[in-house]
Structure formats: structure tokens, C-alpha cells
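Asks: Structure here, sequence nowhere to be found:
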Ligand SMILES: Nc1nc2c(ncn2[C@@H]2O[C@H](COP(=O)(O)OP(=O)(O)OP(=O)(O)O)[C@@H](O)[C@H]2O)c(=O)[nH]1
């Protein structure tokens, strides 16, 4: 049977055709098994959740400069190229090899225009095609949204997947050796790194091993002063490897945590440069050898990282000048081409302008679709097939218990706070902030009671239904009244009944009618405004459950 997921995301292909400029995410529907809605809404009625579960207008793609989605201008062209790929999928039912062929060509073109190398673009396209075609359809998520997600995940992988942290030495100072061609920003990076590490509570020392450009030593000394870090130098006469070795000795004697060695840059890769680097490396046995590359050089930067790694052996790259006019090819290709991760990126000339490289954030910037991605991810999470199937079995056997209740509550909480979700959906002005706060308060309120229940009580709500003693204990331990606990137990049984009714309807080939369902929830809640009041009929609720409920209400 199909996944019984509770929350799904969609807007109909018809709506998309009517409004092609709209991104098609974003109506939240209750499908098949209803997410327990009423428990989020408490006695005040499920207004907030009802509003969430009713179809909304599509989530409009944020225009450039609208302020809601931060787009890296650097990737602007790539982003625009990708957009045309999504547009070509509007209105299709599922992703097939045939219907994604043209969008894939757009993506390939966009990557090449961003200065990604041909082999990298080719393998990217192959991988996206394979995953997109094989991807499970998530009910309610539009095919182009799924493609956005696949492209996002592949971009993240392409850029190295996880963030690659600096490695520190197990004992003694951590030595970071910086290498790179002339003018890429090495000296500036020395100061930026020291500034970054100081903020992390590490003591640092800079070592001036660029003996060919006298101004480099002065520049490093000035920058060292600026960030409050000592600079070790021996002028321009000594050998770089000796300077680095002596600098390390001094750092050891001062118990410095991190030593950053600045080396000379050349206009191009040459043998002398490589040999010198190898010597310095041998002299100080660095924990990290980082190649500084300029993002403006595009795919050449990636090739350079590969070349340095082959010759000298490096641990990663630092990509500078991402604030400039580059097209992004370097960020996309370095890991794939060289096998080495980008560890930091420089986004300006100031010492503060260095940050760790986060592949996921970068991918989101490229796509400029953070809202779509979080919707698809959340839908996937909420709809994990195993959970859903297990839940379905429980519903059918009337075993839906407080653990499931809590799980569902948390699944909804995972959809982001109510306010956040609503904030992402333009046109969602039917739910007032007060209603949102109320719904959130109710979730917490119920959790506090469930949290103090014993394992048995959570698994078998009947125990609470049967025993006033137990209800009193839960009330006392959670600081609530006995009546409030009774009401919670009552709500769980009502929910079981509603779910079974719906499942029975589905199995009887009736398509569940959400309008009717919500109406029936509403009228049930009106009929049962308090746990002590008589209720109207309970649909498919089992006789045993009813008896038990009666037992606890007596
Ligand atoms: N816009 C921008 N400029 C940067 C960045 N990083 C460095 N620069 C600038 O690039 C220029 C060269 O930087 P340096 O740090 O001197 O480069 P270098 O690699 O040490 O140069 P050599 O010592 O000649 O090898 C300077 O004007 C820096 O201010 C960055 O991330 N963004």
C-alpha cells in the first residue's frame, strides 16, 4: 500500500498551468492517513491546523532582490540557467528519462557557462539523470521540485558533501602551510585564518617564509599587528625551510597552538616553487597544507589544486575572492577534479572575510530555492515509508498510542515552527499570529503530560482510561489538572476513531473527503467540548475502547 504519510506538499498541475510563474510547491494537504490534527489545536478547535491543511496559493518564486532568498550574485547566471530547466518540467506527472532530457541539457549548459569543466559537467548530468529517474515519487511533491532536490543533493556531493574542518595536531603546535600562485591572497589569508582561530580561542603565530618579495614580510607584519598575532621573520636572506623550522621552534617554546606559514607565490607553477614547498613541508611536517586559489580563475583553479596535490601533497584548498566577479566554476569543480576539499572561502579583503566552506549552503545559494528544498526534505522526513506503514498497521488494529501521538506531533514540529512554515507561504494570512502561538502552546501542553506517563501508559492508553489513579498521577507530575489529562486521553481515542474511519473509507474505495473529515472533526469537538460531557456516536471506534472510555469517565 502506498505510504500513509500525513503531510504532503503539492499544488495541482492545473494550478501550475494557470500560473506558470509560480513555483509549484506549497499547498499542504492532508492525504490518505490524516495527521492527527486536533491534538495540535486543543480545545479551541483546530483552526490553525485547518488553515494549514487547506490548499494555499502556490509559493511564489522569490524575485531577485525581494530579500527572502539570498542569491549569490556570483552564481546568478548559473541560477538563471537552472531555472529554465525547472520550467520545462511544469505539468509533468513524474520524472522520466525522456522528459528530463531537455532540462538536463539546460543544466549542462548552465554548468559550462559557469566555467565548470566538460568532464565534471558530464558526470554531474549522468548522476542527476540516474537519480532523478529512479527517485520514488513523494505523494504531493511536484516532479520539478524533486528534480531541484536531486540537483541540490548532487551539487552538495560535487562540492565535497560535508564541511571539511581544519585538522589540529594531537600534540604540539598545529602547523598550517599555505601555498599558492602570486596575488591569490595567501598573505591576506594568513591574517584571516589567525583572526578566525583566535576567535576559536587558539593562540597563533605567523611565519614569514616568502623571502622573494620583501614587501610580503612587511605586509604580514602589519596584518599580524592588526589581528594581534606575533609574526616570526628572519628577513630575506635565510632559506624558507630554515625560517619555517625556527618559527616552529619558537612557537613550541611559547606553547602556541597554531603556526601559519606564508610561502612565496610564483606567477606560474614551476619546479623551483614545488621543490621549495616540499622542503618547507619536510622541515615542519605540517598538519594542514592548504593551497590558496583565486575563484576568478574558474576551472583552472581546480586543475591547479590537482597539480599541487600530485606534486607536493596537500590537504585542502582555500578559495579566495568569492565576492568578486567569478562564475563559480572553481567552487563546483575543485573537489571533483582534485579529490581535495575546499576548507575555507574568502569573501573580501577584510580579516573577517573568511569562513568555512559549507557545500550545502553553497548549493542552496546556487539554486536560490531554500524554501522548496526545505519543503521537500520535510515531506520526505514526515513521510518515511517505514514509519508510515507501521503507523497504518497501528491505526487499523486500534493500537495508535501516545508514542505515535508524540511522534506525529514532533513530525509536525519538524515541518518547522508553524510560524516559519506560514512565513514561507505568501498569501497565508488566514491564520493569525495569535492562533499560531496557541497551536504551538497546545503542542507543548500535551507533550508535558505525555512525558510523565510510564512506558506502559504510553503504549496502552487504555491503562489511563481505566484508572483514575493513573490519571491523577500524570496530572500531579505534569502540573496539570485531572480534567486536562482526561481530555488528552479522550482526544487520543477520538483520533483513533477518526483515523480508523478514514482508513476504512479508503479500503472501501471511498476517497476520503477532506472537507467532510474536517467538518466531522469540528462537530465532534463541538459535541465533546469537555471530557465529562456525553458524546455523539464514535463511528468505527471499537466497543472495547468505548467501554474503557466510559469507565474512566464515570
Ligand atoms: N576581493 C577580494 N580581494 C582579496 C581577497 N583575498 C585577498 N584579496 C586581495 O588580493 C590582493 C592580493 O592579496 P595577497 O594576500 O597580497 O596575495 P598573495 O597571494 O599573498 O600575493 P603574493 O605574496 O604576491 O604571492 C590584495 O589586494 C588583497 O586585498 C578576497 O577574498 N576578496
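Replies: Everything's here; your move. All values reported here derive from a predicted model rather than from experimental measurement.
Asks: Could you give the number of residues near the closest residue to the ligand within the stretch 351-500 of the chain?
Replies: In the stretch 351-500 of the chain, the residue that lies nearest the ligand is residue 353 (5.8 Å; CB to the nearest ligand atom). C-betas here are computed from N, CA, C, even on glycine. If you count neighbours by other CB atoms under 10 Å, residue 353 ends up with 17.
Asks: swap in residue 360?
Replies: Using other CB under 10 Å, residue 360 has 16 other residues around it.
Asks: Get me the contact residues on the stretch 301-450 of the chain for the ligand.
Replies: 320, 321, 323, 324, 346, 347, 348, 349, 353 (CB under 6 Å from any ligand atom).
Asks: Residue 344 - nearest residue in space that isn't next to it in sequence?
Replies: residue 318 (4.6 Å; CB to CB, 6 or more residues apart in numbering).
Asks: Repeat that for residue 262.
Replies: residue 190 (4.8 Å).
Asks: Report the contact partners of that neighbour.
Replies: 178, 206, 220, 223, 260, 262 (CB atoms under 8 Å, 6 or more residues apart in numbering).
Asks: Of all pairs in the residues you listed, which one is the farthest apart?
Replies: Greatest spacing in those, by CB to CB: 178 and 223 (12.8 Å).
Asks: Name the residue in those two with the higher neighbour count.
Replies: residue 178 (27 against 22).
Asks: helix, strand or coil for residue 344?
Replies: strand (DSSP: H, G, I helix; E, B strand; the rest coil).
Asks: near the ligand, which residues of the protein?
Replies: Residues of the chain lying near the ligand (CB under 6 Å from any ligand atom): 180, 182-188, 210, 213, 216, 265, 320-321, 323-324, 346-349, 353.
Asks: Counting neighbours, which of the residues you listed end up buried?
Replies: 180, 184-188, 210, 216, 265, 320-321, 323, 346-347, 353 (16 or more other CB atoms under 10 Å).
Asks: that older thread, closest one of the residues of the stretch 301-450 of the chain next to the ligand to the ligand?
Replies: residue 346 (3.0 Å).
Asks: Am I right that residue 242 is in a helix?
Replies: Yes: secondary structure assignment places residue 242 in a helix (three-state DSSP).
Asks: separation between it and the ligand?
Replies: Counting by CB to the nearest ligand atom, to the nearest Å, the separation of residue 242 from the ligand is 19 Å.
Asks: Burial check on the closest residue to residue 172 other than its chain neighbours, number of neighbours?
Replies: Closest residue to residue 172 apart from its sequence neighbours, by CB to CB, 6+ apart: residue 252 at 6.2 Å. Residues within reach of residue 252, counting by other CB under 10 Å, total 12.
Asks: Please apply the same query to the one 3 residues further on.
Replies: The local packing count at residue 255 equals 9, with neighbours defined by other CB under 10 Å.
Asks: Identify the bridge partners of the nearest residue to residue 346 once chain neighbours are set aside.
Replies: What sits nearest to residue 346 in space, not counting adjacent residues and going by CB to CB, 6+ apart, is residue 320, at 3.6 Å. Applying DSSP bridges to residue 320 gives these bridge partners: residue 294.
Asks: dump the residue contacts of residue 320.
Replies: Residue 320 touches 184, 185, 188, 189, 292, 293, 294, 295, 345, 346, counting by CB under 8 Å, 6+ apart.
Asks: Okay, it and residue 266: tell me how far apart.
Replies: When CB to CB, to the nearest Å is the yardstick, residue 320 and residue 266 sit 17 Å from each other.
Asks: same check, this time on residue 242
Replies: From residue 242 to residue 266 the distance is 20 Å (CB to CB).
Asks: Quick check: residue 483 is in a helix.
Replies: Yes: Residue 483: assigned to a helix according to three-state DSSP.
Asks: tell me the pLDDT at it?
Replies: At residue 483, the predicted lDDT confidence score is 90.
Asks: Check the one 3 residues further on too.
Replies: You'll see residue 486 listed with a pLDDT of 90.
Asks: Please report phi then psi for it.
Replies: Residue 486 has phi and psi values of phi -60, psi -40 when expressed as degrees, to the nearest 10.
Asks: just checking, residue 147 touches residue 90?
Replies: No: counting by CB atoms under 8 Å, residue 147 stays clear of residue 90, with 11.2 Å between them.
Asks: Of these two, which one has the most company?
Replies: A side-by-side neighbour count of residue 147 and residue 90, using other CB under 10 Å, places residue 147 first with 25 against 16.
Asks: State the helix or strand in which that one lies.
Replies: helix 143-158 (DSSP states H and E).
Asks: ok, now residue 178?
Replies: According to DSSP H and E, residue 178 maps onto strand 174-179.
Asks: Going by neighbour count, list what's buried in whatever helix or strand comes next after that strand.
Replies: Where DSSP H and E defines the elements, the next helix or strand beyond strand 174-179 is helix 186-199. For helix 186-199, a neighbour-count test (16+ other CB under 10 Å) marks 186-198 as buried.
Asks: TSV for those residues, including pLDDT and distance to residue 165?
Replies: What follows is the buried residues of helix 186-199, written out as TSV (pLDDT from 0 to 100; distance: CB to CB, whole Å):
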residue	pLDDT	distance to residue 165
186	93	21
187	93	23
188	94	21
189	96	17
190	96	19
191	96	20
192	96	16
193	96	13
194	96	17
195	95	17
196	94	12
197	96	12
198	94	17
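Asks: Let me have those residues in JSON lines, extended by distance to residue 284.
Replies: Formatted as JSON lines, the buried residues of helix 186-199 follow (distance: CB to CB, whole Å):
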{"residue": "186", "distance to residue 284": "16"}
{"residue": "187", "distance to residue 284": "18"}
{"residue": "188", "distance to residue 284": "21"}
{"residue": "189", "distance to residue 284": "18"}
{"residue": "190", "distance to residue 284": "15"}
{"residue": "191", "distance to residue 284": "19"}
{"residue": "192", "distance to residue 284": "20"}
{"residue": "193", "distance to residue 284": "16"}
{"residue": "194", "distance to residue 284": "17"}
{"residue": "195", "distance to residue 284": "22"}
{"residue": "196", "distance to residue 284": "20"}
{"residue": "197", "distance to residue 284": "17"}
{"residue": "198", "distance to residue 284": "21"}
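Asks: No further queries at this time; thank you.
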